[in-house]
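Peer 1: Next comes the sequence, and after it the predicted model I'd like to discuss.
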Amino acid sequence: MLDILAETRAISTPQSDQVDVRTTLLKERVKTLQDILGAYHFTGISAKVRELNSTNTFCISTAYEGIYLDSYYLDIQMQHPRKIISHNIPAFIPLEQTAHTHLQQDLLRFMDVLRDALNAYASRRYQVEQLQKLHTASLIGQLQRNAAYNVLKFRYQILCGDMEQDVQVKVVYRHLACYLPTGVTLTCSGADAESVNAKLDCHRQLFEKMELYRVFDSLKLQEELAVSSGIHSTLHSSHTPSCQ
């Protein structure tokens with residue numbers, strides 16, 4: 001669909017009525033394409049279409065639950081073979097591989113794949129920032145992560161009987177387009193395996209199904225309910241699932 005942008009470069013001063021017609025048709029097609037890209041902007045992708053220039057600027061905006069995060073730009077030469085002239089895409093995003101697979105055949109698919117990876121990265125980073133902002137007191141030491149925020153390591157404490165035990169967490173997102181973990185490992189050294197296993201399994205399920213900071217929201221809420229309900233939480237524990 002975007003191929004028509006490259007065609008405009010080949011148009012010179014009209015020499016005949018036939019060229020005039022071709023120019024008019026191409027301008028109409030570019031106007032239609034601009035309208036389509038305007039609608040596509042709601043997906044987080046927009047473009048500056050330059051009618052007589054074969055290089056166009058594309059913008060990918062990232063957001064998390066309606067909160068704007070970042071924007072990334074690519075200047076793409078539209079004439080075949082298409083070529084990325086400049087960009088600010090992070091190095092860990094496989095831009096060259098994605099371009100090799102999609103850029104020449106389907107430009108919109110190429111942009112979709114990039115948008116998914118960039119949006120997931122921005123979402124993972126936002127989750128870590130919120131975790132550190134809202135639950136600093138729950139974490140022990142520094143959270144470790146890589147540039148793509150798809151491998152995270154941190155520690156927090158759980159109560160086992162009358163003793164507090166450190167839990168070491170490793171969270172992995174095996175695909176760059178994931179915003180929820182695909183692998184979670186929890187280890188608690190120095191604690192009796194039988195007494196802590198059920199609790200760790202419950203925590204693991206929360207990490208796999210919820211955003212990082214919301215896991216600690218949930219654990220904090222359960223802790224507050226357990227404290228406030230006192231003896232009643234024990235009497236009804238068989239009816240109310242809890243990770244405490």
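Peer 2: Perfect, thanks for sending it. Numbering: from 1, shown residues only.

Peer 1: chain center to the biggest helix by length in the chain: distance?
Peer 2: Across the chain, the longest stretch assigned as helix under DSSP state H is helix 107-134. Relative to the chain's own centre, helix 107-134 is displaced by 2 Å; criterion: C-alpha atoms, centre = their mean, to the nearest Å.

Peer 1: That helix: which residues count as buried?
Peer 2: 107, 110-128, 130-131 (16 or more other C-beta atoms under 10 Å). C-beta here means a position set from N, CA and C on the backbone, and glycine is covered the same way.

Peer 1: Next: stretch 207-223.
Peer 2: In terms of neighbour count (16+ other C-beta under 10 Å), stretch 207-223 has its buried residues at Phe207, Met210, Glu211, Leu212, Tyr213, Val215, Phe216, Asp217, Leu219, Gln222, Glu223.

Peer 1: Same check on stretch 168-176?
Peer 2: So for stretch 168-176, counting by 16+ other C-beta under 10 Å, buried means Val169, Val171, Tyr173, Leu176.

Peer 1: Then stretch 75-91?
Peer 2: Those would be Ile76, Met78, Arg82, Ile84, His87, Ile89, for stretch 75-91 by 16+ other C-beta under 10 Å.

Peer 1: ok, which pair from these is furthest apart?
Peer 2: Met78 and Ile89 (18.3 Å; C-beta to C-beta).

Peer 1: if we can go back for a sec, make TSV from the buried residues of stretch 207-223 and add distance to His102 to it.
Peer 2: Below are the buried residues of stretch 207-223 laid out as TSV (distance: C-beta to C-beta, whole Å):
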residue	distance to His102
Phe207	33
Met210	32
Glu211	29
Leu212	31
Tyr213	34
Val215	35
Phe216	38
Asp217	38
Leu219	41
Gln222	45
Glu223	48
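
Peer 1: Out of these, which is nearest to Leu200?
Peer 2: Phe207 (10.3 Å).

Peer 1: Wait, that closest one touches Arg214, no?
Peer 2: No. Between Phe207 and Arg214 there is no contact, the gap being 10.0 Å when judged by C-beta atoms under 8 Å.

Peer 1: Just the endpoints, please. Distance across stretch 60-73?
Peer 2: End-to-end distance of stretch 60-73 (C-alpha to C-alpha, to the nearest Å): 6 Å.

Peer 1: Outline the domain layout of this structure.
Peer 2: Following automatic domain parsing, one gets these domains for the chain: 3-88, 135-235.

Peer 1: Do me a favour and average the pLDDT over the first one.
Peer 2: Translated: domain 3-88. Averaged over domain 3-88, pLDDT sits at 70.

Peer 1: what about the strands in this structure?
Peer 2: 45-48, 55-64, 67-77, 83-87, 139-145, 151-160, 163-172, 183-187 (DSSP state E).

Peer 1: Partner strands of the second one, with direction?
Peer 2: Next to strand 55-64 in the sheet, as set by DSSP bridges, lie strand 45-48 (antiparallel), strand 67-77 (antiparallel).

Peer 1: Export those strands to CSV and append columns for distance to His102.
Peer 2: Formatted as CSV, the strands paired with strand 55-64 follow (distance: least, C-beta to C-beta, whole Å):
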stretch, distance to His102
strand 45-48, 14
strand 67-77, 12
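
Peer 1: Ignoring the adjacent residues along the chain, who's closest to Gln142?
Peer 2: Nearest residue to Gln142, sequence neighbours excluded (C-beta to C-beta, 6 or more residues apart in numbering): Phe154, at 7.9 Å.

Peer 1: what's the answer for Phe92, then?
Peer 2: Phe92 sits nearest to Ala148 (C-beta to C-beta, 6+ apart), 4.3 Å away.

Peer 1: Could you pull up the contacting residues of that neighbour?
Peer 2: Pro90, Phe92, Tyr121, Arg124, Leu176 (C-beta atoms under 8 Å, 6 or more residues apart in numbering).
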